[in-house]
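Colleague: Structure for this input, please:
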Amino acid sequence: MQRNPVQLFDAESSTYTYILSMPGEKAAVIIDPVDHNLERDLAHLQRLGLELAYVLETHAHADHVTSAGRLHEMTGARTAVPSGCGIPPAELQLNDGDSVRFGANEEIRVIHTPGHTGGSMCYLWRGNVFTGDTLLIDGCGRTDFQSGSAEALYDSVTQRLFTLPDDTLVWPAHDYKGQSVSTIGWEKRHNARLANRTRAEFVEIMANLHLPKPKLIDVAVPANRNLGLPHSA
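Modeller: Residues are numbered from 1 along each chain as shown. Next comes the predicted model:
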């Protein structure tokens with residue numbers, strides 16, 4: 001029996017947080033939690049009768065501060081992050097091909113997808129892929145800071161994510177248009193930035209976005225490299 005991921009939204013940063021669990025089991029995983037939603041997330045876990053086993057980050061976010069460190073302190077959950085994203089306090093430094101196991105038999109497969117940042121990861125679980133900022137619904141994350149690379153992002157999506165089964169559900173870290181879930185097949189055929197684009201065309205698109213700097217980047221990135229906790233004096 002499948003339980004769909006619990007998808008929670010942060011309106012301030014348009015961030016999605018996910019809670020993963022299976023019916024009849026207490027163990028749960030949370031992906032990309034946001035600091036000011038800590039109490040909300042804990043309430044969801046309590047209502048569902050769940051015990052947090054892991055806190056996963058897809059990358060070191062630039063638009064919000066994570067609650068990973070506080071969740072670890074309050075629940076004992078282990079923190080797990082991409083090994084290349086510069087978050088040294090995390091207990092697990094994940095590499096491509098690793099697995100995060102929780103509950104009786106649950107396994108999350110780790111897929112390294114650099115491009116938005118050098119260390120970005122996606123997480124595959126039971127036909128669901130949690131894509132962070134690597135692949136968004138009808139779009140993708142920017143590539144102009146934090147060791148970003150348009151070339152790397154194109155390769156990550158086309159060679160790693162688009163090779164997953166077409167019916168794999170895509171759960172992004174952000175959405176700005178009121179959309180919540182997609183599929184790999186739909187994104188392969190319709191994604192405005194990536195579908196039917198050559199690598200060179202995609203690189204040109206990304207080079208001409210000219211996006212403003214994220215408002216919280218100077219606060220969020222240093223905080224997230226310490227799991228959202230204050231740095232020691």
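Colleague: The residue nearest to the spatial centre of the chain and His112: what is the separation?
Modeller: By Cα atoms, centre = their mean, the chain has its centre lying nearest to Gly132, at 3.0 Å. For Gly132, the distance to His112 (Cβ to Cβ, to the nearest Å) stands at 11 Å. Where C-beta positions appear, they are placed from N, C-alpha and C, glycine not excepted.
Colleague: Pull up the overlap in contacts between those two.
Modeller: 120-121 (Cβ atoms under 8 Å, 6 or more residues apart in numbering).
Colleague: I'd guessed Gly118 sits against Gln146; true?
Modeller: Yes - Gly118 is within contact range of Gln146, at 7.0 Å (criterion: Cβ atoms under 8 Å).
Colleague: now the helices for this protein?
Modeller: 38-47, 68-75, 150-155, 184-190, 199-207, 217-224 (DSSP state H).
Colleague: my guess is Val129 meets Ile184, correct?
Modeller: Yes - look at Val129 against Ile184 with Cβ under 8 Å: they come within range, at 7.2 Å.
Colleague: Looking at these two, which has the bigger crowd around it?
Modeller: Val129 (25 against 21; other Cβ atoms under 10 Å).
Colleague: if I pick the more buried one, what's in contact with it?
Modeller: Contacts of Val129 (Cβ under 8 Å, 6+ apart): 111, 122-123, 161, 164, 168-171, 184.
Colleague: could you redo the last one with a cut-off of 6 Å?
Modeller: By Cβ atoms under 6 Å, 6 or more residues apart in numbering, the contact set of Val129 is 122, 168, 170.
Colleague: got it, and Pro214?
Modeller: Pro214 neighbours (Cβ under 6 Å, 6+ apart): 62-63.
Colleague: Check what pLDDT it gets.
Modeller: Pro214 is assigned a predicted lDDT (pLDDT) of 92.
Colleague: For burial, what's the neighbour tally of the residue nearest to Lys26 when sequence neighbours are not counted?
Modeller: Once flanking residues are discounted, Lys26 sits nearest to Glu51: 4.7 Å by Cβ to Cβ, 6 or more residues apart in numbering. When neighbours are defined as other Cβ under 10 Å, Glu51 has 16 of them.
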